[in-house]
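K.L.:
coords below, sequence missing:
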């Protein structure tokens, strides 16, 4: 009897793990996410409503925070920003500040080239090239269904100015520019 119970619990645990893994994978995308111009962040300091703010990173990649002034945020992860604010507040301002930083809205991604409605669109985690093309109204009749390029904010030295070749299932990130090439036939 105990053996059967253990087996059922093991099967239940495996099923729950299979359901939870895709959600964890998507969250891991956000964990290492680096902030950049256009991201909308919410900074909450527990029990200090006057220190809690909503801010959009300006062109310099900074936000203005009460008591600390301008903070350079571009290139930081959410955790790094939390730690930076937490380290800046103790002392004469607060004894043990509890800071939480979250993304209220990601910077947009862009689709250009052979799509019905090129332009910028709000980013949501889990977007692929295929989903982005759908958001942009789909392919035009002249679009190549196999030549796509992604230009990211973090373009490396010597990388082609067209961007990296991509597939329909390639993941995109906030700020990415997706270029849909024209077909020759």
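P.N.:
Good, I have the coordinates. Here the structure is a predicted model, which means the values were calculated and not measured.

K.L.:
tell me the mean pLDDT for stretch 76-96?
P.N.:
Per-residue pLDDT values over stretch 76-96 give a mean of 89.

K.L.:
what of stretch 140-157?
P.N.:
Stretch 140-157 carries an average pLDDT of 83.

K.L.:
which element follows the lengthiest strand in the chain toward the C-terminus?
P.N.:
The longest strand of the chain (DSSP state E) is strand 143-151. Downstream of strand 143-151, the next assigned helix or strand under DSSP states H and E is strand 164-166.

K.L.:
who are the packing partners of that next one?
P.N.:
strand 143-151 (3 or more CB pairs under 8 Å, 6 or more residues apart in numbering; DSSP states H and E). In this view, the C-beta of every residue, glycine as well, is placed from N, C-alpha and C.

K.L.:
strand partners (parallel or antiparallel) of the strand it packs on?
P.N.:
strand 164-166 (antiparallel), strand 177-182 (antiparallel) (DSSP bridges).

K.L.:
how far is the longest strand of the chain from where the chain is centred?
P.N.:
When C-alpha coordinates are averaged (CA atoms, centre = their mean, to the nearest Å), strand 143-151 and its chain have centres 22 Å apart.

K.L.:
in it, what's buried?
P.N.:
143, 147-151 (16 or more other CB atoms under 10 Å).

K.L.:
between the strands paired with strand 143-151, which gets nearest to residue 58?
P.N.:
Closest approach to residue 58 among those is made by strand 177-182 (20.5 Å; CB to CB).

K.L.:
now the closest one: buried residues?
P.N.:
Across strand 177-182, burial judged by 16+ other CB under 10 Å covers 177-181.

K.L.:
please apply the same query to stretch 114-122.
P.N.:
Going by neighbour count (16+ other CB under 10 Å), the buried part of stretch 114-122 is 114-115, 118, 121.

K.L.:
now do stretch 51-61
P.N.:
Buried residues in stretch 51-61, counting neighbours by 16+ other CB under 10 Å, are found at 51, 55, 57, 61.

K.L.:
do the same with stretch 37-52
P.N.:
Using 16+ other CB under 10 Å as the test for burial, stretch 37-52 gives 37-39, 41, 43-45, 48, 51.

K.L.:
average pLDDT across stretch 174-183?
P.N.:
93.

K.L.:
and that stretch, how far apart are its ends?
P.N.:
27 Å (CA to CA, to the nearest Å).

K.L.:
list the contacts of that stretch.
P.N.:
Contact partners of stretch 174-183, identified using CB atoms under 8 Å, 6 or more residues apart in numbering, comprise 33, 36, 38-39, 106-115, 123, 129, 132-133, 139, 142-145, 147-153, 162-163, 166, 172.

K.L.:
6 Å instead?
P.N.:
With contact meaning CB atoms under 6 Å, 6 or more residues apart in numbering, stretch 174-183 is reached by 36, 106-107, 109-115, 123, 129, 132, 142-144, 147-153.
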